[in-house]
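Asks: Got a predicted structure here, sequence first:
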Amino acid sequence: MTTGSIGVETIPQPQKRAGRSVKATLVRLVIHALLILAVIFALLPVVLAFLASFKSLFDFYDNPLGLPATWEWQNYTSVWREAHIASYARNSAIVTFISVPLIVMLSCLAGYGLTRYHFRFSRTIYLYFLAGLLIPIQLTILPSLLQMKALYLVNTHAGLITLYTALGLPFSVFLMAGFMNSMPGELAEAARLDGAGELRAFWDVVVPLTKPALATVAILNGVTIWNEFFLALILSPGTPTLQVGINNLRGYYSTEWGYIFAGVMVAALPVILAYILLTKQFIRGLTAGALKG
Amino acid sequence: MEDQHKSLISRRSLLGTAGVAAGAGVAATVAGVSAAPDSTTPFFQLNQEATKLTFWGQFPELLDPFKAVMADFNAAHPDVQIDVEMTTNDQYKTKIQSALNVGSGPDLYMVPAQPEMNNYVDAGTLVDLTGKVDLSQVVDVAVDAVTIDGKIWASPSGRYTVGICYHRNLFEEAGVTAEPTTWEEFRAAMQQLLDAGITPYSIAAKDGSLTYFNYIGLASSVLGAEGFEQLLAGERKLTDEDLVAVVQEMRDWVPFYQQNFLGTPYAEAKALFATGKTAMMDCGSADLSGYYDIDPDAQLGFFYWPAVDADHSQVTNTGMSVMYGVNPTIDESKMDAALTFLNWVATPDGAQSMNRNIKLLPVVDGVEPEGDPILTVMVNSPLDIPVWYERWPTLNIGTVWTTDGNSAFDTDNPPDEFAAKLQASVDEQLANTAMITPAF
Amino acid sequence: MAYSMPHAQPVPNRDRLAVVLGIVATILLLTALLLMNRLESRYAFITLGAFVAVSAVFLAITYSKRPYIAFVFPAVVIYTMFVIFPAGAAFRYSLYNWTGLGPATDFIGFANYTEILRDAQFRGALWNNVQLFLAIFVIQNVIGLPIALALDTKLRGHEFYRSALFLPVIVSLVATAYIWQIILGPNIGMLNPLLEKIGQPDLQRDWLANTFLTFKLIWIVQAWQHIGVPIVIYLAGLQSVPTDLKDSARVDGANGWQVFKGVTFPMLAPAFTIVTISTFIGMFRAFDIPYVLGGPGGAPDGTTDVLSLVIYREAFGLGGIVGTQYRQGYAVAAGVVMFAFLIVAVSVQAVFLRRREVAM
């Protein structure tokens, strides 16, 4: 240990302007310290909830601050078995994995149409989509339910998929249009002049170029849909998604905290994993679209 | 050359688009037709051996007990199967109202008590069961609870009674030997528990639930049966001195409540009591199975709300808990099966199954509560007054506790100010007499 | 007009046909929607089928000359059908005195709207939304922006910091409710035992039932969940600031603050616009966090009430088992007022902020 630190000190440092580098190092240390504080604030609640998922009910009250007295893995096994988590997860997965490609496809087409052809109503239609971001969801629940009923879509995956797709469009079109605006337009032109049809030029040239934005639209909508609660509760009680199922773990007459946190973790895990794997895509396209819109 | 190519492409894409469109049209129609069997007017009917019914309720924690009831029913009537679906109470009404509104939803559902039930009847979301269910074996008060304008709208199948539950072992530990019968004795008992290092009382104020039951319990003991009728008639006011004293009494109990009781919702207060962190809580029969679920060896006792003084009677509050209603959108072919079930719960067999599994007080003549001695104590209450939300003038007292409950305990406000808010909600209801139900 | 087809011949008949077909398709779609709203399923399906067929021909005709119609068409139709039309259909309810159960028959014109203007709970909730927006606006510019500036220096671990700070954005409503229980909850919350342990028992509070503190905690939880978004957007904005601009300013003798004020911040104007507007929209539509920490009644004593909660509560009641009333008609009227308010406020902001961008 000591030798190491001596060694560091004796190696001649490249920047030798003493006063400034000490100050700069100090500033950097303070910045790191503050950032670490912020990260702790961001992550601690999630970590604590994770630890809590291994506690027994009595542990919550007797030992609020400590690690679980005994690690109750059975919280997970019981919640998986008794609470039908597997079937909820299946519903969530079906709804998410069908809605997301639909949103991606529709918003990509619309974003392209709105930005690459400067037709008379393109700005109006763009704003028409944006208005959707301002509609309070509580307003539309009942009429939406009526529609779903008329289309025989209540209690079906298809019903949820339809609504999630429609509700995902305003923000996705906004992102896609923003991204397309920032893209060089010549490539599609070139393809078109080669005699390819509009759709072909779009498919062969534009889509590959928009991949980052497509990924972002997919990820953001995927997370939103996976996490959605009220529409799933009201429009499709017969096919409960994970969020609806987890919420029902908390009965009016009892609260089994250990199970609840285990359930919360099971529901959050796929999203967190996806996030860790795809963190760049999560962040990159979001900003690309947002800033150019 | 290029031109030709171009027109080819566009013709192909024209055909393609038209094809896709036609396909979509066909798909939509097919989807409609194939989805139709789920709806009210089936295009075709599968021959099933057992008729399947769906039932929605609002007690996720009682899912298994309800399934057990349905299994008992299925054993008696193998040709009918009932699927149970439970939603957390917080969102149950959101869900059931939305569904009923558009004519979807389950075949059978848990109906709220009157006067809220009137909304469901007015809206035509309940099937008139008059002459279809036989309630001859059901006690009068339960029949009244499902009767509006002389018609039967649901099959009643369990009541709950609210008083105070306690841990016998904790009382022993603190040396409390007798169940308190008056407010004064009750305070003394709580002091004794506190001195022994035990938190005396679980309460929940965040959602106004347990504070509400506590209030109506204590206020009922002040009012008595006659005084309650006077309150409903507007002859007694919650701002009367002896009723303001109830708010003050609850303030005096604050040292005995668990820490942070203002932020505690019902479910947590219950978990605290069930794990033995507190010695007592307001408790109804429907709570019992939850306690034993957490601690099967719990040594529980029950006593009635203490009387304001020795001249008054101890009291309990009782309300309807489970009433099965039929959704008018039910398939004609399933109606008989639904009626079979509704009739079954009104028989001794059905009542026993409900009581054994869900620990609700039976509403069928001659069926004694079994399974828990506490239920017997509950039935023998010296004075029983309905839970106040089952009466029109006092319907919204609970809303005041939910939205304004903190101010009840705010020592900066005199207690009569909160009492005035409670009375204001009664006055508003009395002024709006349009919906007072003839049954009461 | 580089996209126009040099070889396409103007075919007036075709154009006229396209207009007619477009009008027919629109009428068919509206009819289908109205039929759906009346639960006339069979006719709705037939009309919808006709709509699909007509629009297919319409698209095929317009495709060669106006391909953008085909690109935009599907999204516009789906969005109109399932977002815009329901919102319009809801408006009708706002003219009725309607509990939310059964048919709406008691027509009362604009009485719900005049009541909203006199409604103290609506005004209180609106004021809370304003406070929530201002609080988050301050937090993301006083804390979020410096974090973005720090991360923009590419210091070691900047990617980790960014990812970690963004993580709460992906946590769901239901999970957020439980996760914060473990810290602030009255019974299983760790904050109070922690204060006890470090010898500060006087600081213990009933965090979720404090008429002063609970709403401030909602600000903090809201910031916890959403601050990742402004950080990331500011970061992207910063990356578009050319470094040579900053360098030349520095050479001219400007210190760090002057560089930020004179060069970086003006270049951040577009990011500032988008962050501010999206925060405004987000905070005026906020529902999840007030709902899970304060409950549908805005506990304690209405101090955590926001507009979305008023709408939800009026529409579906308070939940729980004690009796409560609901007024769907009034709730929808409140929603319409909120929507109108947002449209006006956001347009004003957009114009103002864009002008400011140009001015800088």
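Replies: Sure thing, it's come through.
Asks: How is chain C partitioned into domains?
Replies: C:12-93, C:115-359 (automatic domain parsing).
Asks: before we move on, what SS does the residue in chain B positioned nearest to chain A have?
Replies: Using C-beta to the nearest C-beta, the single residue of chain B nearest to chain A is B:Glu61, 2.8 Å away. Placement of C-beta: from N, CA and C, glycine included. Secondary structure, DSSP: H, G, I helix; E, B strand; the rest coil: B:Glu61 is helix.
Asks: surely it meets B:Gly290?
Replies: Yes. B:Glu61 lies in contact with B:Gly290 (C-beta atoms under 8 Å); the separation is 5.9 Å.
Asks: quick one: A:Arg120 and chain C, what's the gap?
Replies: 10 Å (C-beta to the nearest C-beta, to the nearest Å).
Asks: Could you check the pLDDT of that residue?
Replies: Note for A:Arg120: predicted pLDDT of 85.
Asks: burial count for B:Thr177?
Replies: A total of 9 residues lie near B:Thr177 under the criterion other C-beta atoms under 10 Å in any protein chain shown.
Asks: again with B:Asp79
Replies: 12.
Asks: quick one: it and B:Lys52 touch, right?
Replies: No. Counting by C-beta under 8 Å, B:Asp79 does not reach B:Lys52; the two are 10.5 Å apart.
Asks: Just confirm yes or no for stretch A:231-242 near chain C.
Replies: No. Judged by C-beta under 8 Å from any C-beta of the partner chain, stretch A:231-242 makes no contact with chain C; its nearest approach is 8.6 Å.
Asks: Other residues contacting that stretch?
Replies: The contact list for stretch A:231-242, computed with C-beta atoms under 8 Å, 6 or more residues apart in numbering or on different chains, reads A:85, A:88-89, A:91-92, A:95, A:137, A:141, A:144-145, A:148, A:154-157, A:159-160, A:163-164, A:167, A:226, A:228, A:243-244, A:247-248, A:266-267, B:56, B:85, B:87, B:91, B:94-95, B:98-99.
Asks: ok, 7 Å please
Replies: Applying C-beta atoms under 7 Å, 6 or more residues apart in numbering or on different chains, the external contacts of stretch A:231-242 come out as A:88-89, A:91-92, A:95, A:141, A:144-145, A:148, A:154-157, A:159-160, A:163, A:243-244, A:267, B:85, B:91, B:94-95, B:98.
Asks: What distance do you get for the residue of the stretch 51-200 of chain C found nearest chain A to chain B?
Replies: Per C-beta to the nearest C-beta, C:Phe71 is where the stretch 51-200 of chain C lies closest to chain A, at 2.8 Å. Applying C-beta to the nearest C-beta, the value for C:Phe71 to chain B is 12 Å.
Asks: Surely that residue touches A:Gly111?
Replies: No. Between C:Phe71 and A:Gly111 there is no contact under C-beta atoms under 7 Å: 8.7 Å.
Asks: what residue lies at the spatial centre of chain B?
Replies: The residue lying closest to the centre of chain B (C-alpha atoms, centre = their mean) is B:Ser321, at 5.2 Å.
Asks: B:Tyr160 is in contact with that residue, correct?
Replies: Yes. Here B:Ser321 reaches B:Tyr160: they are 4.5 Å apart, a contact under C-beta under 7 Å.
Asks: what residues are shared contacts of the two?
Replies: Contacts common to B:Ser321 and B:Tyr160, judged by C-beta under 7 Å, 6+ apart, are B:Ala286, B:Leu360.
Asks: for the stretch 101-250 of chain C, what spans make up the helices?
Replies: Applying DSSP state H, counting those that start in this stretch to the stretch 101-250 of chain C gives helices spanning C:111-118, C:120-139, C:145-152, C:158-166, C:173-184, C:191-197, C:213-226, C:228-239, C:243-251.
Asks: helix or strand for B:Glu85, which one?
Replies: For B:Glu85, the enclosing helix or strand under DSSP states H and E is strand B:80-86.
Asks: Just confirm yes or no for the helix or strand following that strand near chain A.
Replies: Following strand B:80-86 in sequence order, the next helix or strand is helix B:89-101 (DSSP H and E). Yes. Helix B:89-101 comes into contact with chain A (C-beta under 7 Å from any C-beta of the partner chain), by way of B:Asn89, B:Gln91, B:Thr94, B:Lys95, B:Ser98, B:Asn101.
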